[in-house]
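Novice: next input, structure requested:
(chains A, B, C and D)
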2 protein chains.
Amino acid sequence: MRIGQIAERSGVPTKTIRYYESVGLLPRPDRTASGYRDYDEPALQRLRFVQRARSLGFSVRECANLLALYEDKKRASAEVKGLAREHVAQIDAKMAELRSMRCTLGELIDKCHGDERPDCPILDDLAEGSGRR
Amino acid sequence: MRIGQIAERSGVPTKTIRYYESVGLLPRPDRTASGYRDYDEPALQRLRFVQRARSLGFSVRECANLLALYEDKKRASAEVKGLAREHVAQIDAKMAELRSMRCTLGELIDKCHGDERPDCPILDDLAEGSGRR
DNA sequence: TCTTGACCTTCCAGTTACTGGAATGCCTAT
DNA sequence: ATAGGCATTCCAGTAACTGGAAGGTCAAGA
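Specialist: Alright, predicted model coming up:
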């Protein structure tokens, strides 16, 4: 199967597949006589695995670790769980940050009348830094 | 005031200040005879403004727009409010994405016993793509 | 006077995860 | 023969910095 095929069957663009290969996330596939990449079914499985891990927000490096565990039939599930927990912690941190921003912004927006007049509590807050932050 | 001073008084690293200048977010300051950047109080105000806008998650480009409105004493507050609303929408989208990831991951983590055994619902899910996504 | 150290300058490279484009090669059908 | 649709590689750009190298400036101390 050539790269266009595996791209279509996985939904991952060819550019991205080559990129994953270039950074070592995916192994280098065989090549046809004319130099085209030649993928097999396990390669498709790996690609789909990576795609799903990425969609859960794992970084490419984390995906590499997960993939290694996936391929290692003697792994301990505790290791996987550990990676997942770390990742959740990152997500939670990010969410807390966003929540705080969102909250401050929401308040400022409420306070701003939003018409043609120039006075604006949003700009005032940014200028004075009065709000909690 | 030289860059080290304004950096200390604002909390923004010198590297970042130069970067902001290089991308046009901040105007180029005067220079001393020996070529050092020479900032005045309004420059410090602008830098603090930018810093607070950044801390609310506005992109550098958005900060430039906000700063322009801030400097324009005849702006309409509706414009500011508009920018803030757009930004909040971005934040909300990001949060929704993270919430969904967080939710799926939380469930998978709960299902994984996390010991030395190799079977792992997390890897299984990534492999099969059975879960909602 | 010389030197040391803390500043400052510019420029280049690396980070993350792609994405777009250019120049080129392969393969099949008309 | 040529046109198209695939494939290849390499280079560059995105966002917002951050680190480091090589070098200039300046005030204080021996």
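Novice: from here on, contacts and neighbour counts on C-alpha atoms
Specialist: OK.
Novice: residues near the residue of chain A found nearest DNA strand C, how many?
Specialist: DNA strand C sits closest to residue A:59 of chain A, with a gap of 3.2 Å, by CA to the nearest atom of the strand. Residues contacting residue A:59 under the criterion other CA atoms under 10 Å in any protein chain shown number 14.
Novice: what of residue A:85?
Specialist: Neighbour count of residue A:85, defined by other CA under 10 Å: 15.
Novice: any part of the helix or strand where it lies near DNA strand C?
Specialist: Residue A:85 belongs to helix A:77-111 when assigned by DSSP states H and E. No: shown here: helix A:77-111 not in contact with DNA strand C (CA under 7 Å from any atom of the strand), separated by at least 11.4 Å.
Novice: run through who's touching the next helix or strand after that helix.
Specialist: Using DSSP H and E, the helix or strand that follows helix A:77-111 in sequence is helix A:121-128. Defining contact as CA atoms under 8 Å, 6 or more residues apart in numbering or on different chains, one finds that helix A:121-128 is touched by A:108-109, A:111-112, A:131, B:45-46, B:48-50, B:52-53, B:66, B:70, B:80-81.
Novice: if you rank those residues by neighbours, which is first?
Specialist: Counting neighbours by other CA under 10 Å, residue B:50 leads the contacts of helix A:121-128 with 26 neighbours.
Novice: let me see the contact set for that residue.
Specialist: Each residue near residue B:50 by CA under 8 Å, 6+ apart is listed here: A:126, B:63, B:67.
Novice: turn the residues you listed into CSV, columns for pLDDT and distance to DNA strand C.
Specialist: Compiled in CSV, the contacts of residue B:50 are given as follows (pLDDT from 0 to 100; distance: CA to the nearest atom of the strand, whole Å):
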residue, pLDDT, distance to DNA strand C
A:126, 96, 25
B:63, 97, 20
B:67, 97, 22
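Novice: where does chain A have low pLDDT?
Specialist: For chain A, residues meeting the criterion pLDDT under 70 lie at A:129-133.
Novice: which parts of it belong to which domain?
Specialist: Per automatic domain parsing, the structural domains of chain A span A:1-75, A:76-133.
Novice: DNA strand D is nearest to which of these?
Specialist: domain A:1-75 (2.9 Å).
Novice: first vs last residue of that closest one, how far apart are they?
Specialist: 30 Å (CA to CA, to the nearest Å).
Novice: what about that domain and DNA strand D, touching?
Specialist: Yes: Domain A:1-75 is in contact with DNA strand D by CA under 7 Å from any atom of the strand, via A:2, A:3, A:4, A:5, A:14, A:18, A:35, A:36, A:37.
Novice: of these, just the buried ones, ChimeraX syntax please.
Specialist: In ChimeraX, this line selects whichever of the residues of domain A:1-75 next to DNA strand D come out buried by 16 or more other CA atoms under 10 Å in any protein chain shown:
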select /A:3,14,18,37
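Novice: out of the residues of domain A:1-75 next to DNA strand D, which sit inside helices?
Specialist: A:3, A:4, A:5, A:14, A:18 (DSSP state H).
Novice: distance to chain B added to those, as a markdown table?
Specialist: Shown next, in a markdown table, are these (distance: CA to the nearest CA, whole Å):
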| residue | distance to chain B |
| --- | --- |
| A:3 | 20 |
| A:4 | 21 |
| A:5 | 19 |
| A:14 | 20 |
| A:18 | 21 |
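Novice: picking up where we left off before, can I get the residues of domain A:1-75 next to DNA strand D in CSV with distance to residue A:76?
Specialist: Formatted as CSV, these follow (distance: CA to CA, whole Å):
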residue, distance to residue A:76
A:2, 34
A:3, 33
A:4, 35
A:5, 34
A:14, 33
A:18, 30
A:35, 39
A:36, 37
A:37, 33
